[in-house]
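**Student:** Generate coordinates for the sequence data below:
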Amino acid sequence: MSLQSLQDSFQTIVLSQQCTEADWVNERAGSLPSKDRLAIYYNAYRIRLIDVLRDNFEHTAVYLGDDWFNQLAADYVQTHPSTYNNIGYYGHLFAAFIANQLPDDLEVAELAELDWTLRRAFDGEDSDVLTMETLQVKATTDPENIQLFAVPTLTLTTHTCNTLDIWHAIDKEETPPTVAPLPQAVDVLVWRKGHSPHFRSVSPLESAAISMIQKGVNLNDLGAHLQAQFPDVDVSVEFGQMLHRWIGDEVLIA
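**Tutor:** Numbers count the residues shown, from 1 in each chain. Okay, the predicted model is just below:
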């Protein structure tokens, strides 16, 4: 066999539904059969990826417990081979996979998504953050075309259950509260401040404003769009308060 054929055959066995024997593995007296020897690599591949999922989805694993999490993780590994050179990025579809597997337990998928976005925020790209001083320079330079930009680690996600309360309880090593649906869905902002990932729930107005910023809407148009979407709100006052908080939270790029 050529080296390429050998590698392809080995990979096929490792990724298969079940480990099989291979006639290209030398059989010797007193040694394990080829299937048992290949099973060492077959099992090690899965154990390693399950460990990665457990690390990336720490709170989800605690919430589900070892048996349930290990079964879901094993099923995910079997259907989602690793395609990354950096194994830390493995699991980007795990939250969606859980949502499909556990459609009646929405908090589990939301918890997994929160775990994933917090980890990605921690690993995200560095950037210089906006300060009041740099904002004043922008306003002086081109007051008609001020545009705000979100830091690359910022993500908005939506929760329909008391997932934040569950996450906080697990983080404090307390018993999670009973899952309960929220009166209305809540958007959650995830980002990194300094070297630490953060998250908090945001109002519909703030969520809409951040979404517009991410789409590249300039400051003047943003205010007009928000006022049209929220006619009963004094957008100028609310936006001024949000802007100060964004600068303090370090969610905007300089």
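
**Student:** low-scoring stretches of the stretch 1-150 of the chain, by residue?
**Tutor:** By pLDDT under 70, the low-scoring segments of the stretch 1-150 of the chain are 1, 9-10, 19, 21-30, 34-35.

**Student:** Alpha carbons only: can I get the top helix by length along the chain in CSV?
**Tutor:** As assigned by DSSP state H, the longest helix anywhere in the chain is helix 34-56. In CSV, the C-alpha atoms belonging to helix 34-56 read as follows (Å, rounded to 0.1, in the frame of the first residue of the first chain):
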residue,chain,number,x,y,z
SER,A,34,-5.7,-6.1,14.2
LYS,A,35,-9.2,-5.1,15.1
ASP,A,36,-8.3,-4.7,18.8
ARG,A,37,-5.2,-2.8,18.0
LEU,A,38,-7.0,-0.4,15.7
ALA,A,39,-9.7,-0.1,18.4
ILE,A,40,-7.2,1.7,20.6
TYR,A,41,-7.0,4.6,18.1
TYR,A,42,-10.7,4.3,17.3
ASN,A,43,-11.7,4.8,20.9
ALA,A,44,-8.9,7.4,21.7
TYR,A,45,-10.2,9.6,18.8
ARG,A,46,-13.7,9.7,20.4
ILE,A,47,-12.6,10.1,24.0
ARG,A,48,-10.4,13.0,23.0
LEU,A,49,-13.2,14.8,21.2
ILE,A,50,-15.7,14.1,24.0
ASP,A,51,-13.1,15.7,26.4
VAL,A,52,-12.9,18.7,24.1
LEU,A,53,-16.7,19.1,24.1
ARG,A,54,-16.7,18.8,27.9
ASP,A,55,-14.2,21.6,28.1
ASN,A,56,-16.0,23.8,25.6
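
**Student:** Report all helices and strands that that helix contacts.
**Tutor:** Helix 34-56 makes packing contacts with helix 3-15, helix 66-79, helix 106-123 when contacts are defined by 3 or more Cβ pairs under 8 Å, 6 or more residues apart in numbering; DSSP states H and E. Using the backbone N, CA and C atoms, a C-beta is placed for each residue, glycine as well.

**Student:** Can I get these in TSV including mean neighbour count?
**Tutor:** Output for the helices and strands packed on helix 34-56, formatted as TSV (neighbours: other Cβ atoms under 10 Å):
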stretch	mean neighbour count
helix 3-15	13
helix 66-79	16
helix 106-123	22
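
**Student:** can you put these in a markdown table and add distance to residue 142?
**Tutor:** Shown next, in a markdown table, are the helices and strands packed on helix 34-56 (distance: least, Cβ to Cβ, whole Å):
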| stretch | distance to residue 142 |
| --- | --- |
| helix 3-15 | 55 |
| helix 66-79 | 49 |
| helix 106-123 | 30 |
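
**Student:** how about those, which one is nearest residue 245?
**Tutor:** For residue 245, the closest of these is helix 106-123, at 17.7 Å, according to Cβ to Cβ.

**Student:** where do the strands sit along the chain?
**Tutor:** According to DSSP state E, the chain carries its strands in the segments 155-161, 181-193, 196-202.
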